[in-house]
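Peer 1: Here you go, sequence then predicted model.
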Amino acid sequence: MTTDNPDSSASPRRSLNPLLTLGIAGILISGTAFAAGYFLPEGSTNPFAEPTAIARPVPTAPVDASAVRTCSVGKAMNNPALGTQTVVVFDESGNPLLTNNSDDPIPMGSVMKVITATVALDVLGKDGRLTTRVVDGSTAGTVIVIGGGDPTLREGELSVYPGSASIAELASETVASYQAKYPESPTITRVLIDLSMFPIDDAWHPTWPESERTIGYQPRIVPFMVDGDRTNPRQQTSPRSTDPAGRAADAFVSALQQAGNGDGDVEIDYQSAPSNTTELASVSSAPVSQLIPQMLLYSDNTLAEFLMRASSVSAGFDGGFDSIQQLVLSSLIKHGVDMTGGEFVDGSGESASDLIPPRAVVELVQQIFDGDAKLTAIGDALPVAGQSGTLTSRFVGDAEVARGHVFAKTGWISGVYSLAGQIDTESDGRLSFVVVARGQVDSTANPAIDELVAGIYTCGTNLASF
């Protein structure tokens, strides 16, 4: 017979001894505690403690409130005369106030000369000079003129370059030294011209319009010339020749005759001087500290190219156009300005292939005026709005308020107008800036730039980015 409880007929279980029960419980508790302790890190005292919540980080000091800038130059920025405009403005602490199209490298025309001035001061130094030398030749009656890259060497009494050396002085010293050395045969009958300072097959950049030479903004770049190869040495803009070295050689031979070398024919040829020759005469340009103002005030393309070439040679490069990229990058980084991304093919900015990062230009301006004592000569040399250089006739009408308060380099090539420098604002400090108008633009871009810069001057650090 079966039932629903199969154990119902079994004998009842015997209950455990109470003492035995307590012992078993103690063993279980001790074992659990031992196991917990075994797996905990050394030094843990309470393996069953509740975890502590991680505290939310709290700032040690409240963030300062930023003032809302309310002075807008939006209307001036949107002037159609500016075409595609780039506007970058920093306050004197390096904080950006406006950064419109600030990063893409673009052509800026003669703003490039500010970079060239930096390179020249870095490599040549403010006391550096460009020296033309005459050495003794290896055959009787021969002297060698070694071009030193000085375009300011003058033929006559008047020149656009104050303090320039005279080729007449060079010839006179040459005749005196040669006659003293060779009293038995004192006449110079052959003049060799050494143009090896930098490559003469690189004398004209292919992106430069030929009109720059024929109108008179730029000569062919060879290391021996007089008066910047100007037809009229007293005019900044004057047509240049196709053979500046030949013209300078003729001027030297004529000066030799006037210095007492005689009236006989003197043969002219071209040859590099040997390294072990005796120097007979030399003349030098004004120091770099004087050449830079001459370059910047009147935007002298010739000086810009020769300062860049001489810097290239002095820095260990070959003085050619291809050396300029590395020269600029290596020089500017020494002054805290990273021009990476830019492209640099000349010293004057005449080439549209010069592409300059706008933000880096503003950083360079800050170094010139407030950071790097070696570069102060550049700030001192910049044109002043309404007062000097290429800004003498600028900043009129509504922009007149900023006359005397803007220190900046102008720039212009086809399709580009630019201005870069520093503004002493009406009320609250100095601003560094660059403004570039590009595209379908013409000379009306200049007054539009002036009006915008005058607005920036009036706004000061209250300048708004709308």
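Peer 2: Sure, I can see it.
Peer 1: and the nearest residue to Asp346 once chain neighbours are set aside, how many neighbours?
Peer 2: If the residues on either side of it in the chain are set aside, Asp346 comes closest to His205, at 5.5 Å by C-beta to C-beta, 6 or more residues apart in numbering. Placement of C-beta: from N, CA and C, glycine included. By other C-beta atoms under 10 Å, the residues close to His205 number 19.
Peer 1: cool, the one 4 residues further on as well?
Peer 2: Burial of Pro209 is recorded as 15 neighbouring residues (other C-beta under 10 Å).
Peer 1: Just to be sure, the residue nearest to Asp346 is in a strand?
Peer 2: No: if the criterion is DSSP: H, G, I helix; E, B strand; the rest coil, then His205 is coil and not within a strand.
Peer 1: just checking, Asp269 touches Leu192?
Peer 2: Yes: counting by C-beta atoms under 8 Å, Leu192 is a contact partner of Asp269 at 5.4 Å.
Peer 1: neighbour count winner among those two?
Peer 2: Each of Asp269 and Leu192 has its neighbours counted (other C-beta under 10 Å); Leu192 has more, 21 against 11.
Peer 1: Dump the helix or strand encompassing the more buried one to CSV, restricted to CA.
Peer 2: In this structure, Leu192 is located in strand 190-194 according to DSSP states H and E. Provided in CSV are the C-alpha atoms of strand 190-194 (Å, rounded to 0.1, in the frame of the first residue of the first chain):
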residue,chain,number,x,y,z
ARG,A,190,91.7,94.4,-68.4
VAL,A,191,88.8,94.2,-66.0
LEU,A,192,87.1,90.9,-65.1
ILE,A,193,83.7,90.9,-63.4
ASP,A,194,83.0,88.2,-60.9
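Peer 1: how far does that strand sit from the chain's center?
Peer 2: In this view, strand 190-194 has its centroid 37 Å away from the chain centroid, taken as C-alpha atoms, centre = their mean, to the nearest Å.
Peer 1: For that strand, give the mean pLDDT please.
Peer 2: Averaged across strand 190-194, pLDDT comes to 98.
Peer 1: Next secondary structure after it?
Peer 2: helix 211.
Peer 1: next structured bit after that next one?
Peer 2: helix 244-256.
Peer 1: Show me what that next one is packed against.
Peer 2: helix 167-181, strand 190-194, strand 267-270 (3 or more C-beta pairs under 8 Å, 6 or more residues apart in numbering; DSSP states H and E).
Peer 1: among the ones you listed, which is nearest His405?
Peer 2: helix 167-181 (42.3 Å; C-beta to C-beta).
Peer 1: List the buried residues of that closest one.
Peer 2: Ile167, Ala168, Glu169, Leu170, Ala171, Ser172, Glu173, Thr174, Val175, Ser177, Tyr178, Gln179 (16 or more other C-beta atoms under 10 Å).
Peer 1: Go through those and name the one nearest Val441.
Peer 2: Ile167 (41.9 Å).
Peer 1: That closest one touches Thr152, doesn't it?
Peer 2: No: assessed by C-beta under 8 Å, Ile167 is found out of contact with Thr152, at 10.9 Å.
Peer 1: JSON lines for the helices and strands packed on helix 244-256, including distance to Phe369?
Peer 2: JSON lines is the format used below for the helices and strands packed on helix 244-256 (distance: least, C-beta to C-beta, whole Å):
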{"stretch": "helix 167-181", "distance to Phe369": "38"}
{"stretch": "strand 190-194", "distance to Phe369": "41"}
{"stretch": "strand 267-270", "distance to Phe369": "45"}
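Peer 1: Can you tell me which of these is nearest to Asn276?
Peer 2: Counting by C-beta to C-beta, and looking across all of the helices and strands packed on helix 244-256, nearest comes strand 190-194 at 14.1 Å.
Peer 1: what's the angle from that closest one to helix 244-256?
Peer 2: On the basis of axes from the mean of the first three to the mean of the last three C-alpha atoms, to 10 degrees, strand 190-194 is oriented at 140 degrees to helix 244-256.
Peer 1: for the chain, which spans come out with low pLDDT?
Peer 2: 1-67 (pLDDT under 70).
Peer 1: Tell me where the stretch 51-200 of the chain has strands.
Peer 2: 71-72, 84-91, 96-100, 131-136, 142-146, 190-194 (DSSP state E, counting those that start in this stretch).
Peer 1: which stretch among those comes nearest Val283?
Peer 2: Of all the strands of the stretch 51-200 of the chain, strand 131-136 comes closest under C-beta to C-beta, at 5.7 Å.
Peer 1: Adjacent strands (with direction) for the closest one?
Peer 2: strand 142-146 (antiparallel), strand 279-284 (antiparallel) (DSSP bridges).
Peer 1: can I get the CA coordinates of that strand in PDB?
Peer 2: The C-alpha coordinates for strand 131-136 follow below in PDB (Å, rounded to 0.1, in the frame of the first residue of the first chain):
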ATOM      1  CA  THR A 131      80.700  95.000 -49.900                       C
ATOM      2  CA  THR A 132      82.000  95.300 -53.500                       C
ATOM      3  CA  ARG A 133      85.700  94.400 -53.800                       C
ATOM      4  CA  VAL A 134      88.500  94.700 -56.400                       C
ATOM      5  CA  VAL A 135      91.300  92.200 -56.300                       C
ATOM      6  CA  ASP A 136      94.500  91.700 -58.300                       C
END
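Peer 1: coming back round to it: looking at the buried residues of helix 167-181, which is nearest Ser211?
Peer 2: Taking those together and measuring to Ser211 by C-beta to C-beta, the closest member is Ile167, at 28.3 Å.
Peer 1: can you pull out the helices in the stretch 351-466 of the chain?
Peer 2: 358-366, 376-381, 445-459 (DSSP state H, counting those that start in this stretch).
Peer 1: for the stretch 1-150 of the chain, same thing?
Peer 2: Taking DSSP H, counting those that start in this stretch as the criterion, the stretch 1-150 of the chain carries its helices at 18-39, 74-77, 112-123.
Peer 1: re the thing from before, got TSV for the strands of the stretch 51-200 of the chain, with distance to Ile221 too?
Peer 2: Listed next are the strands of the stretch 51-200 of the chain as TSV, based on distance: least, C-beta to C-beta, whole Å:
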stretch	distance to Ile221
strand 71-72	45
strand 84-91	29
strand 96-100	36
strand 131-136	15
strand 142-146	17
strand 190-194	15
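Peer 1: what about those, which gets the closest to Ser275?
Peer 2: strand 131-136 (10.0 Å).
Peer 1: May I have the residues that are in contact with the most centrally placed residue in the chain?
Peer 2: By C-alpha atoms, centre = their mean, the chain has its centre lying nearest to Ile115, at 3.0 Å. Ile115 is in contact with Val328, Leu332, Met339, Phe344, Ile356, Leu364, counting by C-beta atoms under 8 Å, 6 or more residues apart in numbering.
Peer 1: again, but for Thr237
Peer 2: Ile215, Gly216, Tyr217.
Peer 1: quick one, phi psi at it?
Peer 2: phi -100, psi 110 (degrees, to the nearest 10).
Peer 1: Distance-wise, check it relative to Gly429.
Peer 2: 37 Å (C-beta to C-beta, to the nearest Å).
Peer 1: Thought Leu297 was touching Ser388, still the case?
Peer 2: Yes: counting by C-beta under 8 Å, Ser388 does reach Leu297; the two are 6.4 Å apart.
Peer 1: I am finished for the moment; much appreciated.
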